[in-house]
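In: here you go, sequence then predicted model.
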Amino acid sequence: MVGFSRKSSGDFKQWNQRALSPYITNPRIDYYELPELQGVPSLVRTMILHGMRREIPKAQHSHFAPLTAGEDEWKKTVAYSPPQDTYLVLAEPSGHIVWQTSGLPDDEKVTALKQALARLTHSAQP
């Protein structure tokens, strides 16, 4: 999940509750919340990160990876449009994107994500 605005933290929570919770501890899936903070001054960034980490359950801290560079590349990758949207990207280990969406979770997006995850994890089995 990639977020470019403060609103993203609420969206991350909704996606986690609606669709991602079963996958967070799956050892075959690398899951990350990526808040984009490139343009934030370093002193302010430190305070923001401290607040963000307090809101994230300790068990999910290893899945929290703030972005402080590469904003333009990430925006291109996720087909950035509305700044308030959260962007989800599902990629193979090679980095090839196999599914993506943006915005809040709804039944259609959650179903599509679960199907894409099932295809990806099924094809990765030995």
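Out: Perfect, thanks for sending it.

In: could you use CA atoms for every contact and neighbour count after this?
Out: Will do.

In: burial of D30, as a residue count?
Out: Neighbour count of D30, defined by other Cα atoms under 10 Å: 13.

In: can you tell me how far it is from A79?
Out: 22 Å (Cα to Cα, to the nearest Å).

In: show me where the protein has strands.
Out: Listed in chain order, the strands found in the chain under DSSP state E are 2-3, 34-35, 86-91, 97-102.

In: any idea which helix or strand of this structure has the worst average confidence?
Out: The helix or strand of the chain with the lowest confidence, counting by mean pLDDT, DSSP states H and E, is helix 21-24 at a mean of 78.

In: got a list of contacts for that one?
Out: Residues outside helix 21-24 that contact it (Cα atoms under 8 Å, 6 or more residues apart in numbering) are I29, D30, Y31, Q60.

In: what's the closest of these to R45?
Out: Within those, the smallest distance to R45 is 19.9 Å, found for Q60 (Cα to Cα).

In: can you tell me the closest non-neighbouring residue to the closest one?
Out: Spatial nearest neighbour of Q60, chain neighbours left out: I24 (7.8 Å); criterion: Cα to Cα, 6 or more residues apart in numbering.

In: against E71, how distant is the one you found?
Out: On the measure of Cα to Cα, I24 and E71 end up 25 Å apart.

In: Serialize the strands of the chain to CSV and add fields for mean neighbour count and mean pLDDT.
Out: CSV is the format used below for the strands of the chain (neighbours: other Cα atoms under 10 Å; pLDDT from 0 to 100):
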stretch, mean neighbour count, mean pLDDT
strand 2-3, 26, 91
strand 34-35, 22, 90
strand 86-91, 21, 93
strand 97-102, 16, 94
